[in-house]
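1. Here is a sequence together with a model predicted from it:
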Amino acid sequence: MELTLTRPDDWHLHLRDDAALLTTVPDTARTFHRAIVMPNLKPPVTTVEAAIGYRERILDALPSGMSFDPLMTLYLAPELSPSTIREAVASAHIQGVKLYPRGATTNSDAGVANLNGVMTTLETMAEVGLPLLIHGEVTDRSIDIFDREAVFLDKTLGPLMERLPTLRVVLEHITTEDSVDFVKAHPEMGATITVHHLMYERNDMLAGGIRPHLYCLPILKRSSHRDALIEAATSGEGQFFLGTDSAPHAISDKESDCGCAGCYTAPFALELYAEVFETHGKLDRLEAFASLNGPDFYGLPRNTDTVTLIKKESIIPLAKAFGEKEVRILRGGEPVTWSVI
Ligand code: DOR
Ligand code: ZN
């Protein structure tokens, strides 16, 4: 069995920086032509100049003979000004601004504690049509971690969409049925869905032993939410598109007293998405999700070349070099039924 798709793109990706790029860039460029690159470096990417410099470091890490187009983002810090938004929209390489509620996840300390403080910047984004890419979780410690996404919709995103109805929004890495319903109720929005949130639910992470390599944010939810995500991803509906949120951390940073959030999925992401779509009898919808809906949402051309997958099992390597350390690959040591040729 063989499946040829328009070459896909990854609409939500963490590449990290420096030596890590030698691992992450080829792993993504092997199957994806473009990727929306997250700005949560240390320090975060808050200027057009920093984003362009980061893009050059990414391209420097690209092996010769491979093609890859990194689509850059800015990190919404409270001091990000409307003039930086205008500069970003004029740049050919910046496609969005990422909102991290302060304290929500990895390197979000410089994020936004209160949206009222960045309203002028958001108004400028609505005016110029630059998308806001949202990590949709509240950070209030009194809110249970499994409820943080749903509460964010009620308390933050709903009011924001009412206040700025023309702001273009992507709700990133959705994990709940509540988010699927919210997105469908706002037809102008987009949403990305990771492969790990399609493959796993919270029992996989916590029942019979704790599996730190499945710990990510937003955290895996109960299986009924996973089922709603599968339904949305395989629906072919244009609002839902592929975003791996591949987020590598060294093994020692995951297997620790206070382990980091993130799954390194890039090396076999497309093969794993194919497996999920096939399991649910929806392989014919994979191309819309992986290759068409994303560029259509962002107003970018669809890729013109293709990738081909064949039904051939291989074992995913357990780990690989990551700078001077190692990173575990999602599903490492286990088989995957599709291979990219
Ligand atoms: O699991 C995650 N890892 N979720 C995020 O929101 C951030 C990411 C990271 O950068 O490690
Ligand atoms: Zn992310």
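-> Nice, I can see it. Ligands and ions are numbered 1, 2, ... in the order given.

2. for the nearest residue to G117 once chain neighbours are set aside, what are its contacts?
-> Nearest residue to G117, sequence neighbours excluded (C-beta to C-beta, 6 or more residues apart in numbering): P78, at 5.2 Å. The way it works is simple: take the backbone N, C-alpha and C, and place the C-beta from them, glycine included. If you count contacts by C-beta atoms under 8 Å, 6 or more residues apart in numbering, P78 has them with 112-113, 117-118.

3. Let me know the closest of those residues to ligand 1.
-> Comparing the contacts of P78 against ligand 1 with C-beta to the nearest ligand atom places V112 closest, at 14.2 Å.

4. Correct me if wrong: that closest one contacts V118.
-> Yes - between V112 and V118 there is a contact at 5.6 Å, judged by C-beta atoms under 8 Å.

5. Now the common contact residues for these two.
-> 76, 78.

6. What helices and strands are in contact with the helix or strand where K320 lies?
-> Counting by DSSP states H and E, the element that carries K320 is strand 319-322. Packing partners of strand 319-322 (3 or more C-beta pairs under 8 Å, 6 or more residues apart in numbering; DSSP states H and E): helix 21-29, strand 325-328.

7. quick one: L99 and ligand 1, what's the gap?
-> Distance from L99 to ligand 1, counting by C-beta to the nearest ligand atom, to the nearest Å: 11 Å.

8. from the contacts of P78, which two are the most distant?
-> Pairwise distances across the contacts of P78 (C-beta to C-beta) peak at 9.9 Å, for the pair A113 and V118.

9. So which of these two has more stuff around it?
-> Comparing A113 with V118 by neighbour count (other C-beta atoms under 10 Å), the higher total belongs to V118, at 21 against 12.

10. Can you report phi and psi for the more buried one?
-> V118 adopts backbone torsions of phi -120, psi 20, taken as degrees, to the nearest 10.

11. Quick one: residues contacting it.
-> 76, 78, 80, 112 are the contacts of V118 under C-beta under 8 Å, 6+ apart.

12. And stretch 284-302, what's buried?
-> Buried residues in stretch 284-302, counted by 16 or more other C-beta atoms under 10 Å: 285-295, 297-298.

13. Over to stretch 63-82?
-> Within stretch 63-82, judged by 16+ other C-beta under 10 Å, the buried ones are 68-77, 80.

14. got it, and stretch 171-187?
-> Going by neighbour count (16+ other C-beta under 10 Å), the buried part of stretch 171-187 is 171-180, 182-183, 186.

15. Next, the contact list for A29, please.
-> If you count contacts by C-beta under 8 Å, 6+ apart, A29 has them with 62-63, 66-68.

16. 6 Å - rerun?
-> 66, 68 (C-beta atoms under 6 Å, 6 or more residues apart in numbering).

17. what's the burial count for L41?
-> Residues near L41, counting by other C-beta under 10 Å: 18.

18. Residue numbers of the stretch 201-341 of the chain in contact with ligand 1?
-> 216-217, 245, 247, 261-262 (C-beta under 6 Å from any ligand atom).
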